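Q: Quick one: sequence plus predicted model below, questions after.
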Amino acid sequence: MWCCYATALSCEIPLLNLPDLSNERGVNICPVLSDRFGRPVTNARISLNSSSRCNFKCIHCHMEGIKSVPSTLMTADEIHRIVGIMSRFGVNAVKLTGGEPMLRPDILEIVTKLKSLGLREISMTTNGIGFSKLAEPLREAGLSRVNISLHSLHRERFEFITRVDGYDETFNAIAAAIDAELLPLKLNITLMKGVNDDEIEEMMRLVRRLGGDGRVVLQLIELVVTDPEFYSEYHYDLKPVEKRLKARAMAIYRRGMHNRPRYVLPDGVTIEVVRPMENGEFCMGNNRIRITHDGKFKPCLLRDDNHVDFLSRMREGASEEEIAEIFKRAVMLREPFFKNHQASMPLPVPSRVSFGACGT
């Protein structure tokens with residue numbers, strides 16, 4: 001759900017948009033689980049591989065907040081089971097990531113099993129290596145759309161950032177995604193000072209050539225701090241970029257996800273800005289729970305002290321209700337990493353959390 005506001009307005013409207021969870025008769029069919037700050041959880045981001053399992057070695061990668069070497073991976077059946085349990089509590093969209101999700105030999109099986117759950121959306125973030133050959137089979141299996149990382153349009157810069165020669169294959173993946181109608185296609189560029197911050201206009205021209213009107217979206221992503229020294233040297237402030245986009249835009253929308261602004265320019269180019277650092281509004285709009293490759297709920301990208309293991313209990317024979325309680329506990333641990341004075345005060349964490357769920 002989107003809400004438009006006129007560009008002439010001097011203030012932005014804080015929104016927390018919830019998806020329509022009604023069936024065709026207008027009956028609410030699934031309650032949504034919210035954390036102590038009132039943030040509903042309707043989306044899951046699932047790492048199919050450890051971040052060390054990637055065929056790119058991007059200099060800026062936040063590694064999904066996980067730096068460990070993989071020892072355990074969830075199977076396709078385990079991914080299907082945990083998403084099925086979460087869907088009882090309002091999770092209706094899944095993003096598959098990694099590491100690199102295309103390195104999973106069972107990627108088609110994973111998407112097929114998730115499709116059987118009747119989710120609103122199954123999407124993927126990929127660097128594009130190996131994607132072009134499977135774009136059509138993935139769509140047929142149930143993939144809705146895709147994000148492709150494209151951190152530079154210049155081959156030498158691309159290789160400097162990614163540490164590999166994958167330029168041509170990434171562009172082949174972009175073409176394959178469009179042909180397979182895995183839309184809207186989002187092109188992700190993490191902007192870095194003195195590296196690729198001069199490519200925004202070029203990226204906009206590329207999006208215009210590929211197809212405006214929202215079929216292809218340029219996603220400008222702020223560098224996240226993982227290494228303070230690297231961050232200090234390369235962080236590029238997106239606030240001035242947003243100011244320029246506001247002045248040019250014919251329409252501005254605000255997504256429920258992270259309260260992200262989306263700018264539509266007169267030539268049809270659509271640009272979404274992902275600016276998490278020191279941004280309380282971004283955190284307050286976070287409706288996503290992360291799941292690590294080894295079966296842990298990760299309530300926040302920038303924290304590693306509150307992971308909640310479910311895979312161990314699942315493999316020990318835990319019931320659906322036991323796993324559901326673990327999920328509820330993880331949701332109650334969610335907390336905005338960046339806060340502002342408008343952020344809600346948290347409610348106390350109960351010793352046991354019980355919520356109604358679909359079918360109960």
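A: That came in fine, so what should we check first? Residues are numbered from 1 along each chain as shown.

Q: If you rank every helix and strand of the chain by mean pLDDT, what lands last?
A: strand 2-5 (a mean of 31; mean pLDDT, DSSP states H and E).

Q: ok, then the element right after that one?
A: strand 43-47 (DSSP states H and E).

Q: Give me the mean pLDDT for that following strand.
A: For strand 43-47, mean pLDDT is 96.

Q: for that strand, packing partners?
A: Packing partners of strand 43-47 (3 or more CB pairs under 8 Å, 6 or more residues apart in numbering; DSSP states H and E): helix 76-87, strand 93-97, strand 288-291. C-beta: built from backbone N, CA, C; applies to glycine.

Q: partners of the shortest one in the sheet?
A: Using DSSP bridges, the neighbouring strands of strand 288-291 in the sheet come out as strand 43-47 (parallel), strand 296-298 (antiparallel).

Q: Convert the C-alpha atoms of the first one to CSV, please.
A: The reference is to strand 43-47. Output of strand 43-47 as CSV, limited to C-alpha atoms (Å, rounded to 0.1, in the frame of the first residue of the first chain):
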residue,chain,number,x,y,z
ASN,A,43,8.0,-9.8,5.9
ALA,A,44,10.9,-12.2,6.3
ARG,A,45,14.4,-11.9,4.9
ILE,A,46,16.0,-15.3,4.7
SER,A,47,19.7,-15.9,4.1
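
Q: Next, the angle from that strand to helix 76-87.
A: 160 degrees (axes from the mean of the first three to the mean of the last three CA atoms, to 10 degrees).

Q: What segments of the chain are helices?
A: 76-87, 107-115, 135-141, 155-162, 167-179, 200-211, 228-234, 239-248, 280-284, 311-315, 320-332 (DSSP state H).

Q: Relative to residue 302, which of those helices is closest?
A: For those, proximity to residue 302 was assessed by CB to CB; helix 280-284 is nearest, at 9.6 Å.

Q: per-residue confidence averaged over the closest one?
A: In the prediction, helix 280-284 has an average pLDDT of 78.

Q: Run through the protein and note the low-pLDDT ranges.
A: Within the chain, the stretches with pLDDT under 70 are 1-30, 62-70, 256-258, 341-360.

Q: re earlier: with respect to residue 175, which of the strands paired with strand 288-291 lies nearest?
A: strand 43-47 (25.8 Å).

Q: what angle sits between the closest one and helix 107-115?
A: 160 degrees.

Q: Could you check how far strand 43-47 is from the centre of its chain?
A: 7 Å (CA atoms, centre = their mean, to the nearest Å).

Q: what's that strand in contact with?
A: 64, 66, 79, 83, 86, 91-99, 257, 287-293 (CB atoms under 8 Å, 6 or more residues apart in numbering).

Q: what bridges to residue 192?
A: Here residue 192, judged by DSSP bridges, has bridge partners residue 235.

Q: Wait, it touches residue 236, no?
A: Yes: using CB atoms under 8 Å, residue 192 is in contact with residue 236, at 5.9 Å.

Q: With neighbour numbers in mind, choose between those two.
A: residue 192 (22 against 17; other CB atoms under 10 Å).

Q: ok, now which ones touch that one?
A: 60, 161, 223, 234, 235, 236.

Q: correct me, but the second one touches residue 152?
A: Yes: because the distance of 5.9 Å satisfies CB under 8 Å, residue 161 is recorded as touching residue 152.

Q: Which residues are in contact with each of these two?
A: 195, 196.

Q: So those two - more neighbours on which side?
A: residue 161 (23 against 20).

Q: so who does the nearest residue to the more buried one once chain neighbours are set aside touch?
A: Spatial nearest neighbour of residue 161, excluding adjacent residues (CB to CB, 6 or more residues apart in numbering): residue 151 at 4.7 Å. Residue 151 makes contacts with 58, 60, 157, 158, 161, 162, 188, 189, 190, 196, as judged by CB under 8 Å, 6+ apart.

Q: Mind doing that once more with 6 Å?
A: 161, 189, 190 (CB atoms under 6 Å, 6 or more residues apart in numbering).

Q: same check, this time on residue 110
A: 76, 79 are the contacts of residue 110 under CB under 6 Å, 6+ apart.

Q: Bridge partners for the spatially closest residue to residue 251 that is not a sequence neighbour, pull those for me.
A: In space, not counting the residues next to it along the chain, residue 251 is nearest to residue 264; the distance is 4.3 Å by CB to CB, 6+ apart. Here residue 264 sits in beta bridges with residue 251, residue 270, going by DSSP bridges.

Q: Correct me if wrong: residue 264 contacts residue 248.
A: No: Residue 264 is beyond contact range of residue 248, at 9.8 Å (criterion: CB atoms under 6 Å).

Q: Most widely separated two among the contacts of residue 192?
A: Checking the contacts of residue 192 with CB to CB, the most distant pair is 161 and 235, at 15.0 Å.

Q: Looking at the contacts of residue 151, which one is closest to residue 337?
A: For the contacts of residue 151, the nearest to residue 337 is residue 190 (18.3 Å; CB to CB).
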